[in-house]
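Engineer: with the sequence up front, the predicted model follows.
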Amino acid sequence: MYPELFSIGPFTLHTYGLFVGLGFLAALLITIHTGRMYDIAPQQVLDMGFIMLISAVIGSRLLYVLMNFSYYLRHPLGILEIWHGGLVFSGGAVCAVGSLVWYAGRHSLSILDLGDLWAPAAAIGQGFGRIGCFMAGCCYGKPTDVPWAVVFTNPKSLAPLNIPIHPTQIYHSISGFLLFGILMLIHHRKSYRGQVLLWYLLLHSFSRLLIERFRGDDRGIFFHTNMTVTQFMAVLILTGSLTALIILKARYRKKGK
């Protein structure tokens, strides 16, 4: 595809970075709009967004490096080259949530309200960001003969060249945009705090488990199982979010009686 859009002297605009930036901008705009429902000022949204962005980049890159530790042990400077791709969403999500918990505690805000506020933003950000993955060729799929298979030919692409493979980046992107739409519907009809956040965690984890089956890049194996690290984390998050949903829904019904 097009890992680089253009170069002017020493400056190169990487497509991956562009779409990650677009995703972050879309996430901020959506959250500023919905923040009015929670009496969250736009400046607070910007503050939280900046903190979570830094945390997410560090966490997602750290997990990617750990999953490809042998390579980065030989190429340590490559750890900083995030514009070429190589961010694992699960690692970023954990760190972003951790930073949000810290912010909520520091400013005496409900972490469940903030989770509901930012969940749709995370989904739409992922939708745009995965287009960047597609352009860069990272997070590529397994070889296939399906009619919608894609062939990467750009030598700067991170995907294997000249063979038809699953466009898993597009699968992820479509999943993100669909999830955004579902969450916005839930957002306007929610019955209790945490409902939007938990549905995001549940549905996102479910989609990751499905799409992971078609990934062709090295995913890393979790200890001596047949599961990748991402699949294992998705199972944990899915199980935890489903359990929390059941508990919160039961509490809501009990209060309504």
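Structural biologist: Right, received. Where do you want to start?
Engineer: run through the residues that contact W118.
Structural biologist: The contact partners of W118, taken as C-beta atoms under 8 Å, 6 or more residues apart in numbering, are 27, 31, 48, 52, 100, 197. For the C-beta atoms, the positions are set from N, CA and C on the backbone; glycine is no exception.
Engineer: element containing it, please.
Structural biologist: Under the assignment given by DSSP states H and E, the secondary-structure element containing W118 is helix 111-136.
Engineer: run the chain-centre distance for the helix or strand that comes right after that helix.
Structural biologist: Beyond helix 111-136 in the direction of the C-terminus, DSSP H and E gives the next helix or strand as strand 150-151. Using C-alpha atoms, centre = their mean, to the nearest Å, we find the averaged C-alpha position of strand 150-151 to lie 23 Å away from the chain's own average C-alpha position.
Engineer: M135 is in contact with E4, isn't it?
Structural biologist: No - the criterion here is C-beta atoms under 8 Å, and M135 misses it with E4 at 9.0 Å.
Engineer: can you give me the helices in the stretch 51-200 of the chain?
Structural biologist: With helices called from DSSP state H, counting those that start in this stretch, the stretch 51-200 of the chain shows them at 69-74, 89-106, 111-136, 168-189, 195-212.
Engineer: how long is stretch 208-223 from one end to the other?
Structural biologist: The straight-line separation of the ends of stretch 208-223 (C-alpha to C-alpha, to the nearest Å) is 19 Å.
Engineer: tell me which residues of it are tucked away?
Structural biologist: 208-209, 211-212, 214-217, 219-220 (16 or more other C-beta atoms under 10 Å).
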